[in-house]
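Peer 1: build me a model:
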Amino acid sequence: MNDTLTTHTGFRFEVRRARPEDEPTVAEFFTHVTHEDLRFRFLGAVREVSHERLVAMTRSDDPHIHNFLAFSTDGMLIAVATLASDPADRRGEVAICIRQDRKHLGVGWEFLGYIARYADEHGIETIESIESRENRAAIEVERDMGFTVSTDPDDPTLVLVQRKLGARLPS
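Peer 2: Next up, the predicted model:
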C-alpha cells in the first residue's frame, strides 16, 4: 500500500514498505547520497553501502524492524527510512536518508512525520534518533517537530533526539 505525502513546497511523493526486490534500487539510491550523509546515516565512514546493509533495509522477518521507501511521482527513489523498535515496542529508533538532489523540498519533515504517525499507530511510545552533532539540519528539523535534544553520555560527538508520541505532531 502506498501513501502519498505533499511537502510545504508542494512536492509530492509516495511512501511504501520496502520489499526484497527493492535491493538494486536502494543500492542505486545510495550512489546519489553525499559521503557526509552516508556518515550521518550510518554514524561512521561508509563509502559504499554493503550488501548486508542493503539486505537489512529491504528484507526483514523481524516484526520490530520497519523499512520504508519514498518515491517521487516519476518513480525515482528519493529517501529511505528505518524504524527499529525494542522488543516491547515502546521505543523506536528512526533513521532517514534523503537523496542529495531532493533535499530542501520538505521531504525530511514529511517523511519523519509519517514515520512518527506510523510508530504512534503501532503503539510505540517514544521515537528517537542518534545524530552526529554535526548534522545540524536534521537536528533542527527534529527540534521543530518537538524532539528534545541531549548529549550522548558515552560520545560527545553524538546527540540523542527523542519525542514522546501520543500527542499531535506540529504541522
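Peer 1: below-threshold pLDDT in the protein: ranges please.
Peer 2: 1, 34-50, 167-171 (pLDDT under 70).
Peer 1: could I get the full set of strands for it?
Peer 2: 3-6, 12-17, 65-72, 77-85, 91-98, 126-132, 148-151, 158-164 (DSSP state E).
Peer 1: do you know which of these lies nearest A27?
Peer 2: strand 77-85 (10.1 Å; Cβ to Cβ). All C-beta atoms are positioned from the backbone trio N, CA, C, and that covers glycine.
Peer 1: roughly how far is the closest one from the heart of the chain?
Peer 2: From the chain centre to the centre of strand 77-85 is a distance of 4 Å (Cα atoms, centre = their mean, to the nearest Å).
Peer 1: any chance of the strands of the chain in TSV, with distance to T25 and mean neighbour count too?
Peer 2: Putting the strands of the chain into TSV (distance: least, Cβ to Cβ, whole Å; neighbours: other Cβ atoms under 10 Å) gives the following:
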stretch	distance to T25	mean neighbour count
strand 3-6	18	12
strand 12-17	12	17
strand 65-72	8	20
strand 77-85	5	22
strand 91-98	14	22
strand 126-132	24	19
strand 148-151	33	12
strand 158-164	28	18
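Peer 1: would a markdown table of these with distance to E52 be doable?
Peer 2: Converted to a markdown table, the strands of the chain look like this (distance: least, Cβ to Cβ, whole Å):
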| stretch | distance to E52 |
| --- | --- |
| strand 3-6 | 28 |
| strand 12-17 | 20 |
| strand 65-72 | 14 |
| strand 77-85 | 14 |
| strand 91-98 | 16 |
| strand 126-132 | 20 |
| strand 148-151 | 30 |
| strand 158-164 | 23 |
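Peer 1: how about those strands, which one is nearest E142?
Peer 2: Nearest of the strands of the chain (Cβ to Cβ): strand 158-164, 4.4 Å.
Peer 1: would you list the strands that the closest one pairs with, along with their directions?
Peer 2: strand 126-132 (antiparallel), strand 148-151 (antiparallel) (DSSP bridges).
Peer 1: out of the ones you listed, which comes closest to G108?
Peer 2: Across the strands paired with strand 158-164, closest to G108 is strand 126-132 (Cβ to Cβ), at 11.5 Å.
Peer 1: pull the residues that contact that closest one.
Peer 2: 39-40, 43, 83, 90-95, 115-116, 119, 138-139, 142, 147, 152, 157-165 (Cβ atoms under 8 Å, 6 or more residues apart in numbering).
Peer 1: tilt between that strand and strand 91-98?
Peer 2: Here strand 126-132 runs at an angle of 50 degrees relative to strand 91-98 (axes from the mean of the first three to the mean of the last three Cα atoms, to 10 degrees).
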